[in-house]
Each structure stands twice: as C-alpha cells, then as structure tokens.
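K.L.:
predicted model follows, preceded by the sequence.
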Amino acid sequence: MINQELENKLLSEVIGKVKEETSEWKDALKIGVICVSPDYSSIVGLRVLHSLSRDGELPHYMFLDVAYPDDSQEKKDAYKRVLELTAAHLKKIMDKIVLVEAAVLTGGNYTWIIEELTKVGFAHEDILTLALVEHKDSVFKSKIVGDYVNEVPTFYWEEYNKHWD
C-alpha cells in the first residue's frame, strides 16, 4: 500500500533527483513532460512538471494513455498510434523529455514509447525516465525510481479497477 505519507516522501525524493539530472536543462520551453497512464500518474506528473519550471516558464505537458494488460491488441495498437502521430511534432518543439509514471510494472510501455521517440530523433540521453515505484522484475529500468516493489502497488486514493483482477 502506497499511503499518502509514503507517496509524498517518494515524490520529494524523485523530484530532488529530477532537479539534479536536469540542472543543465535551461530552457523550460524545450522540455516536455509526458505523463504516461494519467489515470494513475497525474499527481506525479504535475509535481514533476512544476519542479522543472525555469524563469517563470513551465515545460510542455501532455498525457499519454496506455492500454491495460487485459485490453485487446486493437486497443493497444490505437494508443501506440497516438504517439506515432504526435512524436514528430514533439521533436519540433522539445529537445528533452521526461517520461513520468507512478508505477512501472512490466516496463513494456516505456520500452515502446522510447522506441517511438528515438525514431523521430530524440537521443536516449535526452529522455529521462521516472517511476515513483518500479517492479523489481520490470524489463525496463527507469533512470529515477522512488522505490522498488515486488507486487502491483495500491495507492491510497485508488478505487476498484477491474482491469487489475
């Protein structure tokens, strides 16, 4: 269980690491924060966004919905298509990207998202990956992780979601 106290502690820790990792990123308007799975990650995304403010400017902010594990392949492909259609436009206005997710479980989403971003010219070193919590067995290893977990976490604010049954 990720209670409010733990969530705030982890947020403070990851935001401190984000500030360290991005200290050379001077222009907020060249930074993009992509909140992956906004139904769970919005709190983290907004806190990270505001931590990247530079000279009174906030970075670009967008949400990227991703499929649940039990969704059809058609639905999974549709979510991927959204990024395919927007990635080249993102490269025109952003030099750096921070991917934010509350919980990286398998690592599959970050894997395909980074693949798509690199196709349009983002270098791996220009993409910072962040997970408030990350499953120890995730195939993807985020650069910034608040804590590692052995099971699917439950956040204190979560309501029942049949997709995790």
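P.N.:
Sure, I can see it. Residues are numbered from 1 along each chain as shown.
K.L.:
now the residue nearest the centre of the chain. Nearest residue, chain neighbours left out?
P.N.:
By C-alpha atoms, centre = their mean, the mean C-alpha position of the chain lies nearest to Val100, the distance being 1.8 Å. Sequence neighbours aside, Gly45 is the residue nearest to Val100 in space, at 4.6 Å (criterion: C-beta to C-beta, 6 or more residues apart in numbering). Placement of C-beta: from N, CA and C, glycine included.
K.L.:
same question for Leu130.
P.N.:
Per C-beta to C-beta, 6+ apart, closest to Leu130 is Ile144, 4.4 Å.
K.L.:
report all helices and strands that the longest helix that the chain contains contacts.
P.N.:
Secondary structure of the chain per DSSP state H: the longest helix is helix 73-93. Contacts defined by 3 or more C-beta pairs under 8 Å, 6 or more residues apart in numbering; DSSP states H and E place helix 73-93 against strand 60-64, helix 108-119.
K.L.:
and the strands in this structure?
P.N.:
Assigned by DSSP state E, the strands in the chain fall at 31-36, 60-64, 96-104, 127-135, 144-149.
K.L.:
save those strands as TSV, and put in mean pLDDT and distance to Thr86 too.
P.N.:
TSV is the format used below for these (pLDDT from 0 to 100; distance: least, C-beta to C-beta, whole Å):
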stretch	mean pLDDT	distance to Thr86
strand 31-36	98	10
strand 60-64	96	8
strand 96-104	98	12
strand 127-135	98	15
strand 144-149	98	24
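K.L.:
between these, which one is closest to Val14.
P.N.:
Val14 sits nearest to strand 144-149 of all the strands of the chain, at 4.8 Å, using C-beta to C-beta.
K.L.:
coming back round to it: mind putting the strands of the chain into JSON lines with distance to Thr22?
P.N.:
Formatted as JSON lines, those follow (distance: least, C-beta to C-beta, whole Å):
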{"stretch": "strand 31-36", "distance to Thr22": "7"}
{"stretch": "strand 60-64", "distance to Thr22": "14"}
{"stretch": "strand 96-104", "distance to Thr22": "7"}
{"stretch": "strand 127-135", "distance to Thr22": "7"}
{"stretch": "strand 144-149", "distance to Thr22": "10"}
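K.L.:
out of those strands, flag the one nearest Glu20.
P.N.:
strand 144-149 (9.2 Å).
K.L.:
so which of the strands of the chain gets nearest Lys80?
P.N.:
In terms of C-beta to C-beta, the element of these nearest to Lys80 is strand 60-64, at 9.9 Å.
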